[in-house]
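*Asks:* the following block contains a protein sequence and its predicted model.
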Amino acid sequence: MPITGVIQPEIIEIEEGLRLRAYDGNHLTGLPWYQNPVVYYNSEGITDLSKIPGEEYVKGMYDWFQSNGKSEMYFIEVEKDGIFIPIGDIALQEKNPPIVIGVDEYRGYGIGKKALQAIISRARELGIKGFYETIIFDYNTASQRLYESVGFKCVEVRGKERVYELEL
């Protein structure tokens with residue numbers, strides 16, 4: 001069950017050729033993204049390749065998002081040759097809403113910003129008042145720019161982490 005008492009839409013259309021699709025239980029879709037050393041370093045700060053997560057970790061992560069009663073999990077999909085393909089994921093949750101563009105060739109084109117804006121719009125629809133405790137490592141300037149571009153503010157620095165919030 002996603003957010004308790006809320007029906008999660010199957011599809012959130014962002015624009016022609018870009019959408020969010022509700023997580024369908026297929027954790028293998030995201031496995032290559034989380035095994036990408038760049039993605040894992042930016043999200044978890046881990047450079048030791050022996051600690052790159054396996055299938056059980058990714059399944060557990062997606063299952064947690066689906067079962068905690070506080071999140072909606074989506075695949076970010078782009079249309080290519082008439083077919084929508086998943087290239088990342090994003091979760092709607094008040095505490096630390098994560099996003100991953102897992103396919104290298106799609107980073108840097110504003111897809112993450114559009115997906116995050118769609119999640120913010122969805123949060124407003126649900127009456128969510130804001131996002132808090134969004135943690136971004138200080139070296140992950142791309143994610144800092146992304147969150148700041150949609151209105152998040154850095155409210156605290158904790159060692160190598162920056163804490164962001166967004167009031168809706």
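*Replies:* Done, it's in.
*Asks:* which residues in this protein form helices?
*Replies:* Secondary structure of the chain (DSSP state H): helices at 31-34, 37-44, 55-67, 111-125, 141-149.
*Asks:* can you redo those helices as TSV with mean pLDDT?
*Replies:* Shown next, in TSV, are these (pLDDT from 0 to 100):
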stretch	mean pLDDT
helix 31-34	93
helix 37-44	86
helix 55-67	93
helix 111-125	98
helix 141-149	96
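*Asks:* of all these, which lies closest to Asp81?
*Replies:* The closest approach between Asp81 and any of the helices of the chain, judged by CB to CB, belongs to helix 111-125 at 17.2 Å. Where you see a C-beta, it was placed from the backbone N, CA and C, and this is true even at glycine.
*Asks:* isn't Ile119 right up against Pro97?
*Replies:* Yes: with contacts counted by CB atoms under 8 Å, Ile119 reaches Pro97, the gap being 6.3 Å.
*Asks:* show the contacting residues for Phe152.
*Replies:* Applying CB atoms under 8 Å, 6 or more residues apart in numbering to Phe152 gives the contacts 131, 134, 164-166.
*Asks:* residue nearest the middle of the chain, spatially speaking?
*Replies:* Ile99 (1.9 Å; CA atoms, centre = their mean).
*Asks:* low-confidence ranges in this structure?
*Replies:* 1 (pLDDT under 70).
*Asks:* can you map out the strands along it?
*Replies:* Counting by DSSP state E, one finds strands in the chain at the ranges 11-15, 18-22, 72-80, 83-92, 99-101, 130-137, 153-158, 161-167.
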